[in-house]
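Colleague: Give the three-dimensional model of this entry:
(2 chains)
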Amino acid sequence: MNEFFIPRLGHVVWESVPRLGAATRLLLGGLGAVGNRHFSFRQWLREVYGLGVLSLALMIVAALFTGMVLGFQGYYALVRFGATSALGTLIALSLLRELGPVLTALLFAGRAGSALTAEIGSMKATEQLAAMEMMAVNPLAWVVAPRLWGGIFAVPILCVIFDLVGIFGGYLVSVPVLGVDGGTFWAQMQSNVTLSGDILNGLLKALCFGLIVTWIAVWQGFSAKPTAEGVGAATTRSVVMASLAVLGLDFILTALLF
Amino acid sequence: MSQRAIDWWVGIFVLLGIAALAVLALRVGNLSGFAYGNGYVLHADFNNVGSLKDRSPVKLGGVTIGEVTHIGMNPQTFRAEVTMRIEPSIKLPIDTGASIYTQGLLGEQYVAIQPGGMPQNLKPGATITLTQGAVNIDQLIGQMVFDKASGSSSGSSTH
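Modeller: This is a model prediction of the structure:
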């Protein structure tokens, strides 16, 4: 057992370092390929549509329920101390700082990241990527760059909509249902939420998450085994890795930003 | 899906994002606090500002008429200097007083203005001298306990 464990660990590290290097090369090459003549603005719009607009309905429903649950749970915690006036602040700060960016990124990884991996994986399996290179079309510019920039662009917008709908959901539960005073709800929120400290830092988080989720999705698609099974496994890996990366990165970003 | 429809949808998506950010900034954050941007400045020195902070409201008769813009320390007098912006339509007499009160038991602190009766008004940039700082509840409780203890001991000694 022991004599197998150490060499295997070494093997894993030995294998994963060049993989990380190749993934970084893909990321930088993809981001930098915007100036390439094969980069198409229309392709980018198509990706913003596919990754962003089509995820919108999911985000709105998820945000509404998240906000409503926050309202209920926050109310039951605060009512013991007679501090229900702080409910608006609680809902707004939890959504803007943590839940908005993180849940947006997790849902995005499930809804859009998986589709990205499967799409690129099957492009590889059907040798479309090889065909592009044969035609001297740069796949970094034609396939990777629009998707990376589309994800980086779409996730902060989805996040800001998630935040707003979530706060509205919290309001729906707190004020009409639980009877918290509406004026206090908004006034307390306004005096405790700052634009740069809370709202924009949350969006900065969403931007980083958009980058990392799209990067992992594109990379998993590119490194998938070119078989039906390989594409399936890569799609699973993409969602799992992206979710874990988002949660880990969130910890680091929270420590840095707030 | 035609390219034109995609253009439209992406445009709507971006507009939604911008609109959501604007609503968040104005309704949830306090960017609308710039309402006092054209107000005039008043200063007040307090011996204790408690947990007063920037953007805390300034109230007159319960109505918010301005906000705290800066809290500093005067190194000569060792008193806290609070700078406020007041709505231009509110002219305050020169014998106006300012106190720091708390909203409710656990609420936030604010500056309460008690208008005086003098005919002259405070000029922009003037300092309010009649001030009463924040009440420290810890100190009050300590004082009460101390008074009680000393009161009962002196009472027993006279008997």
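
Colleague: center of chain A - which residue?
Modeller: residue A:105 (2.3 Å; C-alpha atoms, centre = their mean).

Colleague: what's near enough to touch the closest residue to it other than its chain neighbours?
Modeller: When the adjacent residues along the chain are set aside, residue A:105 lies closest to residue A:209, with 3.5 Å between them (C-beta to C-beta, 6 or more residues apart in numbering or on different chains). Where C-beta positions appear, they are placed from N, C-alpha and C, glycine not excepted. Residue A:209 is in contact with A:101, A:102, A:104, A:105, A:108, A:155, A:246, A:249, A:250, counting by C-beta atoms under 8 Å, 6 or more residues apart in numbering or on different chains.

Colleague: need the contact list for the residue nearest to the centre of chain A.
Modeller: Neighbouring residues of residue A:105 by C-beta under 8 Å, 6+ apart: A:155, A:159, A:206, A:209, A:210, A:213, A:242, A:246.

Colleague: if we can go back for a sec, closest one of the contacts of residue A:209 to chain B?
Modeller: Closest approach between those and chain B, by C-beta to the nearest C-beta: residue A:155, at 10.6 Å.

Colleague: Near that closest one, how many residues? Count them for me, please.
Modeller: Around residue A:155 sit 31 other residues, with neighbours defined as other C-beta atoms under 10 Å in any protein chain shown.

Colleague: Ok, residue A:141 next?
Modeller: Neighbour tally, residue A:141, other C-beta under 10 Å: 22.

Colleague: Correct me if wrong, but it is in a strand.
Modeller: No: if the criterion is DSSP: H, G, I helix; E, B strand; the rest coil, then residue A:141 is helix and not within a strand.

Colleague: chain center to the longest strand belonging to chain B: distance?
Modeller: Longest strand in chain B by number of residues, with DSSP state E as the criterion: strand B:63-74. Here strand B:63-74 is found 5 Å from its chain centre; the criterion is C-alpha atoms, centre = their mean, to the nearest Å.

Colleague: how about it: buried residues?
Modeller: For strand B:63-74, the neighbour count (16 or more other C-beta atoms under 10 Å in any protein chain shown) marks B:65, B:66, B:67, B:68, B:69, B:71 as buried.

Colleague: Which residues are in contact with the first one?
Modeller: It refers to residue B:65. B:58, B:59, B:86, B:87, B:90, B:113.

Colleague: got it, and the fourth one?
Modeller: In this structure, residue B:68 makes contact with B:52, B:53, B:54, B:55, B:56, B:57, B:58, B:82, B:83, B:84, B:111, judged by C-beta under 8 Å, 6+ apart.

Colleague: Need those in JSON lines (columns: distance to residue B:26, neighbour count and secondary structure).
Modeller: Output for these, formatted as JSON lines (distance: C-beta to C-beta, whole Å; neighbours: other C-beta atoms under 10 Å in any protein chain shown; DSSP: H, G, I helix; E, B strand; the rest coil):
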{"residue": "B:52", "distance to residue B:26": "24", "neighbour count": "20", "secondary structure": "coil"}
{"residue": "B:53", "distance to residue B:26": "21", "neighbour count": "12", "secondary structure": "coil"}
{"residue": "B:54", "distance to residue B:26": "19", "neighbour count": "13", "secondary structure": "coil"}
{"residue": "B:55", "distance to residue B:26": "15", "neighbour count": "14", "secondary structure": "coil"}
{"residue": "B:56", "distance to residue B:26": "20", "neighbour count": "21", "secondary structure": "coil"}
{"residue": "B:57", "distance to residue B:26": "18", "neighbour count": "20", "secondary structure": "strand"}
{"residue": "B:58", "distance to residue B:26": "21", "neighbour count": "26", "secondary structure": "strand"}
{"residue": "B:82", "distance to residue B:26": "26", "neighbour count": "27", "secondary structure": "strand"}
{"residue": "B:83", "distance to residue B:26": "24", "neighbour count": "16", "secondary structure": "strand"}
{"residue": "B:84", "distance to residue B:26": "23", "neighbour count": "25", "secondary structure": "strand"}
{"residue": "B:111", "distance to residue B:26": "24", "neighbour count": "27", "secondary structure": "strand"}
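
Colleague: show me what contacts whichever residue of chain B sits closest to chain A?
Modeller: The minimum distance from chain B to chain A, using C-beta to the nearest C-beta, falls at residue B:17 (3.4 Å). Listed by C-beta under 8 Å, 6+ apart, the contact set of residue B:17 reads A:156, A:157, A:158, A:160, A:161.

Colleague: Near the third one, how many other residues are there?
Modeller: Read it as residue A:158. By other C-beta under 10 Å, the residues close to residue A:158 number 32.
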